[in-house]
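Asker: how would this look folded up:
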Amino acid sequence: MYQQTILDSLAPIFGPDITWEQLSGLSHEDISTAFSGHYGLEEGDLVPSMFQTIAPEMLNAAMYKTYSPEVQATQQSLLPSLYKNLGGEGARQSSGGFAGSGGYKRRQDEARDVYGASMVDTLTKVRGQQTQGISNIQKLISDWHESAQNITYG
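Answerer: The predicted model follows:
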């Protein structure tokens, strides 16, 4: 979603076919030339060194797949405990007879709560890191616009 918004904002400048992966391949000169054209400036009005490029690491920080292994690792570390409490020996012991049925239900609920809370914490952390990565790219692009506008409008 956010990635597409960034690409949509850059399409009028770099063309409609710009892709996420291409952003890290833009040189200082590419950025300078594209923004000169977008703002109607003469070649040489914008100095290429005015524009910081987007490093591949910046793109990676804005992509969910970068954090997917962390989410999977958390999930995998929680599964044995979840299985044990939902269907393992501990669950069978707590379900002994009529009196135990409440204990089994409570044990299931607690297991789900622990699993759910841990996954929510991990997903919240990951989403925060990804959002920060996207914000860094948006800030950089805003700086490009600001540099070009300062020359254009004085």
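Asker: now the helix or strand containing E70: buried residues?
Answerer: Using DSSP states H and E, E70 falls within helix 68-87. The neighbour-count check on helix 68-87 (16 or more other CB atoms under 10 Å) flags T74, L78, L82, N85 as buried. (Glycine included, C-beta is placed from N, CA and C.)
Asker: please apply the same query to stretch 108-119.
Answerer: Buried, per 16+ other CB under 10 Å, within stretch 108-119: Q108, A111, Y115, S118.
Asker: just the ones of those in helices?
Answerer: Q108, A111, Y115, S118 (DSSP state H).
Asker: between the residues you listed, which sits nearest S49?
Answerer: The nearest member of those to S49, counting by CB to CB, is S118 at 46.8 Å.
Asker: quick check: that closest one touching V71?
Answerer: No. Between S118 and V71 there is no contact under CB atoms under 8 Å: 10.9 Å.
Asker: related to what we said a few turns ago, pick out the most distant pair among the ones in helices among the buried residues of stretch 108-119.
Answerer: Greatest spatial distance among those (CB to CB): Q108 and S118, at 16.1 Å.
Asker: ok so, going back, packing partners for the helix holding E70?
Answerer: Applying 3 or more CB pairs under 8 Å, 6 or more residues apart in numbering; DSSP states H and E, we find helix 68-87 packed against helix 89-94, helix 97-153.
Asker: picking up where we left off before, closest to I31 among the ones in helices among the buried residues of stretch 108-119?
Answerer: S118 (42.3 Å).
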